[in-house]
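*Asks:* Below: sequence and its predicted model.
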Amino acid sequence: MIVADLFAGVGGLSQGFIKAGCEVAFAVEFDKEIADAYKKNHPNTEVFAEDICQLDIDKVKQKYPLIDIVMGGPPCQGFSQKGKRLNLGDPRNFLFKQFVRFVAAFKPKYFVLENVPNIITTSNGYFKDQIIHEFSELGYGVCCGVLCASDFGVPQDRKRAVFMGQFGKLEIGLPISNGRKTTIKDAIYDLPFIGSGEGEEKSKYDKAPLSEFQKELRGNATILYNHIATKHSKAAIEKLKLIPKGKGKEVLPEYLLTKSIYSGTWSRLLEDGIAPTITTRFDTPSSGRFTHPVLNRCLTVREAARIQTFPDSFIFYGSKGSQMKQVGNAVPPMLAYAIANVIVNNEKYK
C-alpha cells in the first residue's frame, strides 16, 4: 500500500508502516534538519521540507496520483484548551485543516491521525466529535481511542489518541494489545555502560544481545550509532551518586531538592519497569525520570531510541538538540506497526 506521511518528524510512523509492507511515497516535514534525517533514513521517499500550507497539492498529486493511506500527527494547540468557543475554525488548528485538505484531495482508502490523548476528552468530547464530523463529510467511517505504547511491546508509558478512518464502510478498529511486555533492562542493557561525557557517534557493541527485543532492534547492525552520554556537571554527578538503584529524589537531602514542574526529576529509571513518556529533554535529570538505572548519567540518544523502539540501523543526524527532538517527538515504530497491521490485514483478507 502507498502511504503519505504528513508532519512526519523523523519517521516513527513511517518505520512501522514500512515494516508492515507499505511504501511511503512522500513525506512532509517543516523542520529542515529533521527532514534531512528523515531522508537519509528513507532514501526511497520524497521529502518535502517546507511549510505544508504552502505545498502545491495539485503538483504533488500529479506526481503521486494514488495514495492508499494518509497519516500524520498535526499539531492542534486549540484542542488542549477548555471551552467550546474553540473549534475547527480556530486559527491555531489550521494545521489540522491541512491534514483534512490532503485527505480530501487524495481520497485515500484509509487515514491515520494521531495526537495528544486529551483531544478525545476535552470539552466532553466536543473536538473528537468535530473531527469525526469533518471526515464523515468526506465519506469516511471513523474509529478513535487512546492507545498506550506499552501494550505493544514498547518499554514506555506513552499514550496517544489515534483516529483511524476508512472510506465508505468502516471495517477496521484500533489495534488490541499483543500482550508483549518489554522492560528497560530488556531494551538497553546490551549497550555499552559508558559514563557521563563518554561515547562517540560511531562505536562498537561490547556484548551480545541479552533479550529478544535487543536481538530484534539490533538486527544485522555491526556499528553502534548515537551512543554518546551527556557531560553532566560535577555537582549533578555527585547528586546522582546519592541516588541508589530503583530510587529517586526522595532519598536526597532537603538542601539538594529543587522545585520542578516535571514528575520523576532526579529519579532513576526502573530496570524491571518501563519508562515514562520520552520527551525532547531526556538528557537532563531535572526534566523527568530519564536517569540510567545504574549509571550516573541520563539516557543517550541511542538508549532513548531503543525505548522508542527504533531499530539500531536507524541513524539520527544533526545537532544533539535536533537528535533529541527527533527521538522525543516520534511515534514509537512498534506502536505504528500495530496500527499499520490493522489496515494491511484488512486489505489482505477482503
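*Replies:* Perfect, thanks for sending it.
*Asks:* list the contacts for residue 302?
*Replies:* 191, 224, 225, 226, 227, 312 (CB atoms under 8 Å, 6 or more residues apart in numbering). For every residue, glycine as well, the C-beta is placed using N, CA and C.
*Asks:* Save those residues as CSV, and put in neighbour count and secondary structure too.
*Replies:* Formatted as CSV, those follow (neighbours: other CB atoms under 10 Å; DSSP: H, G, I helix; E, B strand; the rest coil):
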residue, neighbour count, secondary structure
191, 21, coil
224, 21, strand
225, 19, strand
226, 25, strand
227, 24, strand
312, 23, coil
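*Asks:* Export the residues you listed to JSON lines and append columns for distance to residue 37 and pLDDT.
*Replies:* Below are those laid out as JSON lines (distance: CB to CB, whole Å; pLDDT from 0 to 100):
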{"residue": "191", "distance to residue 37": "21", "pLDDT": "98"}
{"residue": "224", "distance to residue 37": "17", "pLDDT": "98"}
{"residue": "225", "distance to residue 37": "12", "pLDDT": "98"}
{"residue": "226", "distance to residue 37": "11", "pLDDT": "98"}
{"residue": "227", "distance to residue 37": "17", "pLDDT": "98"}
{"residue": "312", "distance to residue 37": "15", "pLDDT": "98"}
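*Asks:* quick one, helices of the stretch 251-350 of the chain?
*Replies:* Here the stretch 251-350 of the chain has its helices, by DSSP state H, counting those that start in this stretch, at 301-307, 320-328, 333-348.
*Asks:* could you pull out the strands for this protein?
*Replies:* Using DSSP state E, the strands of the chain run over 2-6, 23-28, 46-48, 69-72, 110-115, 140-148, 159-167, 199-203, 224-228.
*Asks:* Residue 300: which of these is closest?
*Replies:* Of all the strands of the chain, strand 224-228 sits nearest to residue 300, with 4.9 Å by CB to CB.
*Asks:* Partner strands of that closest one, with direction?
*Replies:* strand 199-203 (antiparallel) (DSSP bridges).
*Asks:* Give the buried residues for the partner strand.
*Replies:* Neighbour-count burial for strand 199-203 flags 199, 201, 203 (criterion: 16 or more other CB atoms under 10 Å).
*Asks:* Work out the gap between it and the centre of the chain.
*Replies:* 23 Å (CA atoms, centre = their mean, to the nearest Å).
*Asks:* just stretch 308-326 next, same as before
*Replies:* With CA atoms, centre = their mean, you get 11 Å for stretch 308-326.
*Asks:* Quick check: end-to-end length of it?
*Replies:* 11 Å (CA to CA, to the nearest Å).
*Asks:* show me where the stretch 51-200 of the chain has helices.
*Replies:* Going by DSSP H, counting those that start in this stretch, the stretch 51-200 of the chain shows helices at 57-63, 94-106, 118-136, 184-188.
*Asks:* So for residue 209, which of these sits nearest?
*Replies:* helix 184-188 (10.1 Å).
*Asks:* can you list contacts of that closest one?
*Replies:* 155, 210-214, 269-275, 293, 303, 306-307.
*Asks:* By mean pLDDT, which helix or strand of this structure comes out lowest?
*Replies:* Lowest mean confidence among the helices and strands of the chain (mean pLDDT, DSSP states H and E): helix 118-136, at a mean of 87.
*Asks:* Distance from the chain centre to it, please.
*Replies:* 22 Å.
*Asks:* What are the buried residues along that helix?
*Replies:* Those would be 118, 119, 120, 122, 123, 127, 128, 130, 131, 132, 134, 135, for helix 118-136 by 16+ other CB under 10 Å.
*Asks:* before we move on, what about stretch 136-147?
*Replies:* Quick answer for stretch 136-147 (16+ other CB under 10 Å): 140, 141, 142, 144, 147.
*Asks:* And for stretch 157-174?
*Replies:* Quick answer for stretch 157-174 (16+ other CB under 10 Å): 158, 160, 161, 162, 163, 164, 165, 166, 167, 172.
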